[in-house]
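Trainee: predicted model and sequence below, questions to follow.
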Amino acid sequence: MLKQVAEGVLTHQSELIANNAVVVQGRAGVLVVDPGLTGAELACLANDLRELGQPVVAGFATHPDWDHVLWHAELGDAPRYGTARCAAFMEDVRSKPDWKARAAEGFPEEIADDVPLDLYGLITGLPAETTQLPWDGPTVRIIELPAHAPGHAALLVEARGVLVAGDMLSDVLVPMFGYDTADPLEDYLAALRLFEDVAGDVDFVVPGHGSVGGAGELRARIELDRAYVQALRDGKEPNDPRIGPSAKPGWEWVSDIHTGQQQHFGPGS
Ligand SMILES: [Zn+2]
């Protein structure tokens with residue numbers, strides 16, 4: 001089921017881990033960002049769009065994690081963009097002879113039988129430093145983020161005031177770090193500053209997972225993520241509602257991710 005966020009911007013949420021697909025209305029069809037997880041959900045999204053009479057004219061993957069690079073034949077064969085680094089990462093993944101088996105190892109067992117792999121990770125890389133999505137619709141600014149995953153990018157649908165944040169600024173997931181850089185914690189703080197730079201233009205924030213944040217919530221989410229990262233950096237226990245007894249039902253496992261990160265980044269690590 002599609003839900004409206006702002007005029008011409010809709011979301012479609014997966015049942016497991018609450019992935020938010022984002023649909024942006026263009027002139028001759030829609031842009032679909034991170035469409036979803038299972039074959040049934042992707043077909044549902046395709047069906048919803050068909051009922052609205054909206055062909056998919058472009059796709060975008062915010063980053064090369066399995067839950068953001070899936071696709072379904074019924075969504076059509078429009079170009080699925082990503083940053084150059086995102087596309088290169090996925091090309092490397094798909095170049096291994098046993099890539100399907102390797103990818104499937106990361107799928108949650110509840111849905112592993114219904115994650116379609118044929119069109120997995122077929123991303124058209126945009127030249128490095130591309131700042132706008134090439135499509136016939138409202139201006140979509142690309143904000144490449146030095147955090148969480150290689151080639152991670154957020155999108156700002158400027159005229160609608162909607163920030164599609166990729167896997168940051170979630171109300172259910174704490175910051176999670178790509179381990180491929182020299183200083184993941186400082187890189188994460190730098191990525192949060194990029195969000196701060198555009199905060200004045202944002203009315204709604206759509207995280208990769210969790211609920212959409214309305215007016216004024218962007219800055220609160222930036223602060224929450226920043227406090228978490230700083231606590232890890234400083235060897236302190238974060239006071240964070242996403243972990244411990246205040247975690248939302250079904251999200252208790254986020255506390256385990258936190259414990260692992262604390263061990264990885266904590267003092268003496
Ligand atoms: Zn994700």
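Mentor: That came through fine.
Trainee: ok, and what's touching the lengthiest helix in the chain?
Mentor: Ranked by number of residues, the top helix in the chain under DSSP state H is helix 217-233. Outside helix 217-233, the residues that touch it by CB atoms under 8 Å, 6 or more residues apart in numbering are 163, 168-171, 174-175, 185, 188-189, 192, 195-196, 199, 202, 205, 207, 213, 237-242, 261-262, 265-266. Every residue, glycine included, has its C-beta placed from N, CA and C.
Trainee: also stretch 50-61?
Mentor: Counting contacts by CB under 8 Å, 6+ apart, the residues touching stretch 50-61 from outside are 2, 23, 25-26, 28-35, 46, 49, 68-69, 71, 75-76, 78-82, 86, 90, 121, 123, 133-137, 155.
Trainee: and it, what's buried?
Mentor: By neighbour count on 16 or more other CB atoms under 10 Å, the buried set for stretch 50-61 is 54, 56-61.
Trainee: ok, and the closest non-adjacent residue to the residue most central in space within the chain?
Mentor: In the chain, the C-alpha closest to the average C-alpha coordinate belongs to residue 166, at a distance of 2.8 Å (CA atoms, centre = their mean). For residue 166, ignoring the flanking residues on the chain, the nearest one in space by CB to CB, 6 or more residues apart in numbering is residue 62 at 3.7 Å.
Trainee: give me the number of residues near the closest residue to residue 43 other than its chain neighbours?
Mentor: The shortest distance from residue 43 to any residue that is not its chain neighbour, by CB to CB, 6+ apart, is 5.5 Å, and that residue is residue 74. The burial metric for residue 74, expressed as a neighbour count using other CB atoms under 10 Å, is 15.
Trainee: identify the residues contacting residue 74.
Mentor: Residue 74 touches 42-43, 46-47, counting by CB under 8 Å, 6+ apart.
Trainee: sec struct for it, please.
Mentor: helix (DSSP: H, G, I helix; E, B strand; the rest coil).
Trainee: and if you look at residue 205?
Mentor: Under three-state DSSP, the three-state class of residue 205 is strand.
Trainee: just confirm it contacts residue 211, I think it does.
Mentor: No - under the criterion of CB atoms under 8 Å, residue 205 is not in contact with residue 211, lying 9.8 Å apart.
Trainee: what about the two, which has more around it?
Mentor: Neighbours were counted for residue 205 and for residue 211 using other CB under 10 Å; residue 205 has more, 29 against 17.
Trainee: from the ion, how far out is that one?
Mentor: With distances defined as CB to the ion, to the nearest Å, the gap from residue 205 to the ion amounts to 15 Å.
Trainee: okay, and the beta partners of that residue?
Mentor: Bridge pairing for residue 205 (DSSP bridges) gives the partners residue 163, residue 213.
Trainee: show the pLDDT at it.
Mentor: The per-residue pLDDT reported for residue 205 equals 98.
Trainee: go on, residue 245?
Mentor: 95.
Trainee: and for residue 268?
Mentor: Taken from the predicted model, the pLDDT recorded for residue 268 is 64.
Trainee: ok, now residue 179?
Mentor: Model confidence at residue 179 (pLDDT) stands at 68.
Trainee: I'd say residue 251 and residue 170 touch.
Mentor: No - under the criterion of CB under 8 Å, residue 251 is not in contact with residue 170, lying 9.8 Å apart.
Trainee: can you name the residues of the stretch 151-269 of the chain that neighbour the ion?
Mentor: Among all residues of the stretch 151-269 of the chain, those adjacent to the ion (criterion: CB under 5 Å from the ion) are 167, 208.
Trainee: burial of residue 226, as a residue count?
Mentor: Using other CB under 10 Å, residue 226 has 17 other residues around it.
Trainee: number of residues surrounding residue 119?
Mentor: Counted by other CB under 10 Å, the residues lying close to residue 119 total 15.
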